[in-house]
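Asks: Show me how the following folds:
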Amino acid sequence: MKLLVHVIEARNLTATDHNGPSDPYVKLQLGKHRAKTKVVKKNLNPLWDEEFSFRVGDLSEELVVSVLDEDKYFTDDFLGQVKVPLSEVLDAENLSLGIKWYQLQPKGKKSRSKNCGEICLAISLYQRNLEEEASEGQWFSSDDLASNSNKSAELKDGMHSLSSDGNTDLAAASEHNELDSLKEDKSTAGNFLDRMFQFFGRKNVEPTLSSTVDVNFPEKLQEEVSPDEKTHDACSSVSYDELLKIIESKDQGGEMPANLHGGIIVDKSYIVAPSTLNSFLFSPSSNFWQSLAQIQGTTGLQAEPWRLENGGECLKRVVTYTKAVTKLIKAVQATEEQTYLKADGKNYAVLVIVSTPDVPFGNSFRVELLFCITPGPELASEEQSSHLVISWRVNYLQSTMMKGMIENGARQGLKDIYIQFSDLLSQSLKPVDPKATKSGKEQILASLHTEKESDWKMAFRFFGNVTVVSSVFAIFFVLTHIFLSNHSTTQGLEFPGLDLPDSIGEIIVCGILVLQAERVLIMVSRFLQARKQRGSDHGIKAQGDGWLLTVALLEGNNLAAVASSGYSDPYVVFTCNGKTKTSSIKFQTLDPQWNEIFEFDAMDDPPSVMDVDVYDFDGPFDEAISLGHAEINFLKFNPSDLEDLWIPLQGNLAQAYQSKLHLRVFLNNTKGSKVVTEYISKMEKEIGKKIALRSPRTNAAFQKLFGLPQEEFLINDFICHLKRKMTTRGSLFLSPRIIGFHANLFGHKTKFFFLWEDIDDIQVIPPSLATMGSPSLLIILQRGKGMDARHGAKSLDSDGRLRFQFQSFASFNVANRTIMALWKARALSPEQKVQIVEKESGARDPQSEDSGSFSDLEDAKMSDVFSSAIDVDINFLMRLFDGSSLEQRVMEKVGCVDYSISPWEEIKTDVYQRQVQFKLDKNRSRYGEVTSTQQKSPLCDKNGWLIEEVMALQGFLLGDYYNVHFRYHIEDLSPKLKACNVHVSVGIAWLKSTKHQKRITKSVVSNSSLRVKEMFSQLEKEFV
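Replies: The predicted structure is shown next:
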């Protein structure tokens, strides 16, 4: 016997959060069995529409339904509960209470009068026959129960035709007579044991039933069951095409289901109509799956006929087979339940739920596949085409600690299976040639349109809150008071035109009104900013040939609220290969809609990762709050996965709110096959040795070995030993983006790789007995990097960095030169970057108008940020600008890391110039690099120095809109006093116009003042 509970909705729930509505969910318990629904965010009238089934062990138990408010940091708040005894369900007509509203009750007896809201439930009991119960008993767990509606909610997205628990309804209908017989027999059962005996042993007790039971009951039962049997017989006699037409006629025109979050394993287009491709894959007359089974070694393939269920709304069939033996698991039986979610003649969606109970932990999960067939791209030949996308996920029926192992195994198994699937399908159907149609990238990007939010909608979002409403009421109230009140006489210190408060109460009321008016003025200011805000990098076309990276930022979901209003002002910064792109700022929202496209200029080297950071806008230098961050590793994603990617954000706030970004990423190579030869030619010059070009077959094997995308190619490989507790002999593979190791020792495989950018240092260890008399390479990764390869590391140092040691190379010198050249090509040191800046700046005259440096210094409005006499000798103070170790120490203490400088060069008489480059400490600022040009010259009386600095900001929000100018005026007071008078000014030269000039100027001046004060304070400490 099972209890079915349908949790539908609730209304008038209590708001427990101070910042708005609750985040309710429902927890159900029957005996030891527990289950819970999904969480509905910010809603006091939530809709769940989820179904649960519980195995009944004792009819004296009661179902406890509790409604709670999810709290990310503390214990979930209790909103109310309802208790339903099973005896009440058993006494109901047809063993069903129907759809009913229940009043939620508080926990404490003293709070009985409190209104906790209501919840809508549908509760019923049903019992299948013993054969079905015995055969299906293995599928249900006694500890945790999973909701079936999560699946339908995610797949359907507005479609109403699917019921994920359709079998339950059909089974309940087929057992209707059995339940009626139980109802009739219930009156003859004197106690609980008699009732249970009659319920479970009906077939055996029928001959001995009481005379009150109708003797014609078996005949009636047969007559009532026969319509269902006739329905199944009718479905089996109807052809697949006719069944499909019935489903198509009932289609309500909803959207296609979204891809499952596990990823996309097939994404191809074929020159065939969508209906033909659908029939080729799912028609009973098709031999495609039999052919695939022969290739994969699958046996016992049996497919039941398609049948209509759920009142003719759902088309379903069951397929069983035995999977072939693999290296990991033995031969296991699998059952597929295939269900049409949508069919309208042009679009088809089929959900396949695969059950493999014989694999480890097989009873705790199901693998789900979603086949989506849609019309393909338009072809020049005007032939019809179809687009097939297969996505997957793992649906857990109960909690388990082995989720990582299960998902990795499922991912690898599906990848192998559907590679053969795609190959066989391409042999039967002609794939679409990408050159014969518009590229998928252009099609997707052309569909994006940035919709400008109307002023009325934005005004309602800004001003539709308690603050504005209360302010309007206060203004109306005060004006009414002025109209009704008499003019008071002048008293105290008042005079005509000045009316002062006459009591403490009036002072308090005036203060409240002033604060309220200030808040409204701030909101009006932000509203005016929101109307004029536009993205700085959206729509700018990429320049050059090479690797082109295009990012489409669609939307954000559940971003953290950091403002007192309960909203944020989010914007996104994308960083790749040292280049950044910044989105527009979306004001006062937690679910921003961007629809913006960013194109990075062509890169010579293929990018490895792209950093994605989401911030709340609060000035370019202020320590604004990070709303989350993520890293997209191009080596771990298929191009089809990147084309439609929901990426979860990391960080304390982001994980608490489960924040996500919706992106579409495209990485294309415009040079074609030339990029390989050009890259190898460049590396040959660095290494000083000829590099053999690998064959496509070797590159394909290398890509398959490490699961790399098709654009990655092998440069060289070396036989060596990996030094760990036990030395392992294997091969070290080098490519433009990774360094990987693979070994196979008696069937035990060791395989890992990490990025060149992850390497912090490479050291050569001299020969020793431990290294078998040959030098070895020690590769040290940056802190927190390469954690996927930690199983191959020799050790973890005190700084948390992984250390890998490779030794016994056949030719150590060649391997060392190759590794060092590839590393330097991917990760330039700060000194090398300074040299590049020097070469570029040497080609330009810093005094020219084109440079925009010192010639425009007077155009910047300078503000004094520091002026003081410092008890430091002028010669010692000037060491702060001479590149000494003192300058390095002081600048690092004020937050300038990777501080690199070039020597002073005389560009004309008594005028010297140098380049400075550094990064801001992440603990002080989240932004990127600073490159500055400094000039120094003696004062007119030769009694001090004038130092001028033009600072360019790279990777800063709106950093390309302005330059920051500093002027240091250093004057020696007296040789006897050993003191200097220092005067520092700062200004901003605007290169582009922006509406945030005042805000940025205020932030720059404030932070520059703090930095300069700290710099000279550290200098005084060094002098002492």
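Asks: and stretch 501-510, how far out from the chain's middle?
Replies: On the basis of Cα atoms, centre = their mean, to the nearest Å, the separation between the geometric centre of stretch 501-510 and that of its chain is 53 Å.
Asks: Show me where the stretch 551-700 of the chain has its helices.
Replies: With DSSP state H, counting those that start in this stretch as the definition, the stretch 551-700 of the chain shows helices at residue ranges 639-642, 652-657, 674-687, 696-706.
Asks: who wins for proximity to V40 among the ones you listed?
Replies: Counting by Cβ to Cβ, V40 lies closest to helix 652-657 out of the helices of the stretch 551-700 of the chain; the figure is 14.5 Å. Where you see a C-beta, it was placed from the backbone N, CA and C, and this is true even at glycine.
Asks: Which elements pack onto the closest one?
Replies: For helix 652-657, the elements it packs on are strand 626-633, judged by 3 or more Cβ pairs under 8 Å, 6 or more residues apart in numbering; DSSP states H and E.
Asks: Please identify which of the helices of the stretch 551-700 of the chain is closest to F288.
Replies: Comparing these by their distance to F288 (Cβ to Cβ), the top pick is helix 639-642, with 21.8 Å.
Asks: Run through who's touching that closest one.
Replies: Around helix 639-642, the neighbours that count as contacts under Cβ atoms under 8 Å, 6 or more residues apart in numbering are 263-264, 267, 389, 632, 634, 663-667, 709.
Asks: give me that answer again for 10 Å
Replies: Contacting residues not belonging to helix 639-642 are listed as 259, 263-268, 389, 391, 440-441, 551, 610, 632, 634, 663-668, 709-711 [Cβ atoms under 10 Å, 6 or more residues apart in numbering].
Asks: any idea how far that helix is from the chain center?
Replies: Centre-to-centre, helix 639-642 and its host chain are 14 Å apart (Cα atoms, centre = their mean).
Asks: how close does the nearest residue to M603 once chain neighbours are set aside get to V472?
Replies: With Cβ to Cβ, 6 or more residues apart in numbering as the criterion, M603 has its nearest non-adjacent residue at 4.4 Å, and that residue is W547. Distance check for W547 against V472: by Cβ to Cβ, to the nearest Å, it reads 56 Å.
Asks: How about E88?
Replies: Relative to V472, E88 is positioned 52 Å away (Cβ to Cβ).
Asks: same thing with Q954?
Replies: Here the distance between Q954 and V472 works out to 47 Å (Cβ to Cβ).
Asks: out of these two, which sits in the more crowded spot?
Replies: Neighbours were counted for Q954 and for V472 using other Cβ atoms under 10 Å; Q954 has more, 16 against 12.
Asks: Quick one: buried ones out of the contacts of helix 639-642?
Replies: The neighbour-count test (16 or more other Cβ atoms under 10 Å) applied to those identifies 259, 263-268, 389, 391, 440-441, 551, 610, 632, 634, 663-667, 709, 711 as buried.
Asks: mind listing what L301 touches?
Replies: L301 makes contact with 289-290, 292-294, 319-322 under the criterion Cβ under 10 Å, 6+ apart.
Asks: Out of those, which two sit at the greatest distance?
Replies: The most widely separated members of those are Q294 and T320, with 16.8 Å between them, by Cβ to Cβ.
Asks: host element of L957?
Replies: In this structure, L957 sits in neither a helix nor a strand according to DSSP states H and E.
Asks: Pop out the phi and psi values for it.
Replies: Main-chain dihedrals, L957, degrees, to the nearest 10: phi -60, psi 120.
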